[in-house]
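**Student:** Sharing a model that was predicted from the sequence below.
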Amino acid sequence: MNIANCSVEASVWRWRTWALGVELTTCVLGAVGCVIGFCCLRACEKIKVGMKIQISLIFTVSFIVCTVALPGYAIADYWTICWQIKGTSVLAFLIFYSVSVNIVRNYFTVLAIYRFLAVCFPIRYQQFSQRRVVTGIVVTVTVCIVLAWSTLYIIQDYSNVDVNNRSSYYLGRILFYFSLVIPFTVTVIAYFALALFVIYRKLFITQPQGIHRRDQIAESVSILILMNLLLDVPHITVHLSDTSSNDVSYIIVHMIYHLRFVFDSFLFVCLNKRYRLMVLRYVSSKLLRRELADITFSDTPSVPSAGSVGPVR
């Protein structure tokens with residue numbers, strides 16, 4: 001395909017090319033980070049079962065996003081933004097991308113509600129943290145997102161709409177409110193209610209004397225929730241403002257929005273001392289083994305072959 005036949009401006013095409021490079025790099029780093037985070041979670045027994053299930057699912061679905069959904073969508077979007085191709089394969093990647101990304105986003109809403117319960121209603125939190133209850137909640141959320149987005153793509157006519165901007169047509173906008181705006185609002189309410197309760201407890205409730213250990217996992221989860229909220233703000237704004245997918249602002253906002261798949265895993269690991277040490281020990285042990293193997297190989301005396309001829313005297 002020739003760039004001269006492209007239906008968008010050259011500046012938009014250049015921005016989309018840069019965005020493709022950043023998004024593919026994001027996919028590689030995000031996949032590595034998800035594997036590291038998932039391995040750290042499996043090796044740690046101190047985290048609550050409910051939170052462990054939720055964060056493990058976030059890393060698992062994010063890994064699928066980084067290895068299949070986002071690369072396929074980014075490459076398909078790279079071509080459709082210029083030549084407006086609306087084939088079956090393009091729509092398939094759009095469906096897979098939309099479903100998987102919205103599943104991860106709604107998992108964070110569930111995680112925010114659980115953090116609110118853990119701080120404000122610890123007894124209720126223990127009840128809702130049972131493996132059966134947590135599994136039922138995440139399965140319900142997953143099924144609702146899959147059915148909603150799959151139904152949209154089945155019944156929607158894409159002949160005269162902006163395929164890449166799901167909020168640009170009526171049914172897509174309704175589903176956008178259902179799967180992103182409402183969960184965003186619930187997350188904001190839960191997060192700030194949690195923050196207000198913590199401030200109130202520090203100011204007006206006498207804490208028992210003694211050594212209080214920081215819950216680094218809870219703190220890191222709270223930071224992840226806040227980071228995702230901050231990334232949601234420009235993402236929601238650009239969708240609700242009817243911005244075209246060919247606009248530079250739309251491309252830049254989504255390029256930044258996809259960085260969450262790198263930040264989620266690496267921040268979770270880096271903000272936990274135990275996980276940081278696990279990763280550093282693993283890396284150092286691998287490097288030490290490689291160094292010892294190189295030393296052993298270099299120190300091994302060479303053995304002459306059976307057919308070699310000695311010096312002539």
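**Tutor:** All right, it came through fine.
**Student:** In the helix or strand that contains residue 33, which residues are buried?
**Tutor:** Here residue 33 sits within helix 10-43, counting by DSSP states H and E. By 16 or more other CB atoms under 10 Å, the buried positions in helix 10-43 come out as 12-13, 15-16, 19-20, 22-24, 26-27, 29-31, 33-34, 36-41. Bear in mind the C-beta positions are built from the backbone N, C-alpha and C, glycine included.
**Student:** phi, psi of residue 45?
**Tutor:** Here is the backbone geometry of residue 45 (degrees, to the nearest 10): phi -100, psi 0.
**Student:** mind listing the helices for the stretch 51-200 of the chain?
**Tutor:** Assigned by DSSP state H, counting those that start in this stretch, the stretch 51-200 of the chain shows helices spanning 70-83, 88-120, 122-128, 131-155, 170-176, 182-204.
**Student:** Can you say which of those helices is nearest to residue 252?
**Tutor:** Nearest of those to residue 252, taken as CB to CB: helix 70-83 at 13.3 Å.
**Student:** pLDDT weak spots in the stretch 151-300 of the chain?
**Tutor:** Residues of the stretch 151-300 of the chain meeting the criterion pLDDT under 70: 206-214, 288, 290-300.
**Student:** give me that answer again for 80
**Tutor:** For the stretch 151-300 of the chain, applying pLDDT under 80 flags the ranges 157-164, 166, 204-216, 286-300.
**Student:** before we move on, back to that, residue 50: which of the helices of the stretch 51-200 of the chain is closest?
**Tutor:** The stretch from the helices of the stretch 51-200 of the chain with the least distance to residue 50 (CB to CB) is helix 131-155; that distance is 4.5 Å.
**Student:** Tell me which residues of the closest one come out buried.
**Tutor:** Of the residues in helix 131-155, those buried by neighbour count under the rule 16+ other CB under 10 Å are 134, 137-138, 141-142, 145, 148-149, 152-153.
**Student:** Would you mind giving both backbone torsions of the closest residue to residue 168 other than its chain neighbours?
**Tutor:** By the measure of CB to CB, 6 or more residues apart in numbering, the closest residue to residue 168 outside its immediate chain neighbours is residue 162, 4.3 Å from it. Dihedral angles of residue 162 (phi, psi; degrees, to the nearest 10) stand at phi -80, psi 100.
**Student:** nearest to residue 60, of the helices of the stretch 51-200 of the chain?
**Tutor:** Short answer: helix 88-120, nearest of these by CB to CB, at 9.6 Å.
**Student:** Show me which positions of that closest one end up buried.
**Tutor:** The neighbour-count check on helix 88-120 (16+ other CB under 10 Å) flags 90-91, 93-120 as buried.
**Student:** Just list what it packs against, helices and strands only.
**Tutor:** helix 49-64, helix 70-83, helix 122-128, helix 131-155, helix 182-204, helix 216-240 (3 or more CB pairs under 8 Å, 6 or more residues apart in numbering; DSSP states H and E).
**Student:** distance between the ends of stretch 174-190?
**Tutor:** End-to-end distance for stretch 174-190: 23 Å, by CA to CA, to the nearest Å.
**Student:** where's residue 150 relative to residue 79, distance?
**Tutor:** Taking CB to CB, to the nearest Å as the measure, residue 150 falls 23 Å from residue 79.
**Student:** Return stretch 264-271 as CSV; C-alpha atoms alone will do.
**Tutor:** Taking Å, rounded to 0.1, in the frame of the first residue of the first chain, the C-alpha atoms of stretch 264-271 are listed here in CSV:
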residue,chain,number,x,y,z
ASP,A,264,0.6,-2.1,36.7
SER,A,265,3.0,-5.0,37.0
PHE,A,266,6.3,-3.2,37.5
LEU,A,267,4.9,-0.8,40.1
PHE,A,268,3.3,-3.7,42.0
VAL,A,269,6.6,-5.5,42.1
CYS,A,270,8.8,-2.5,42.7
LEU,A,271,6.7,-1.1,45.6
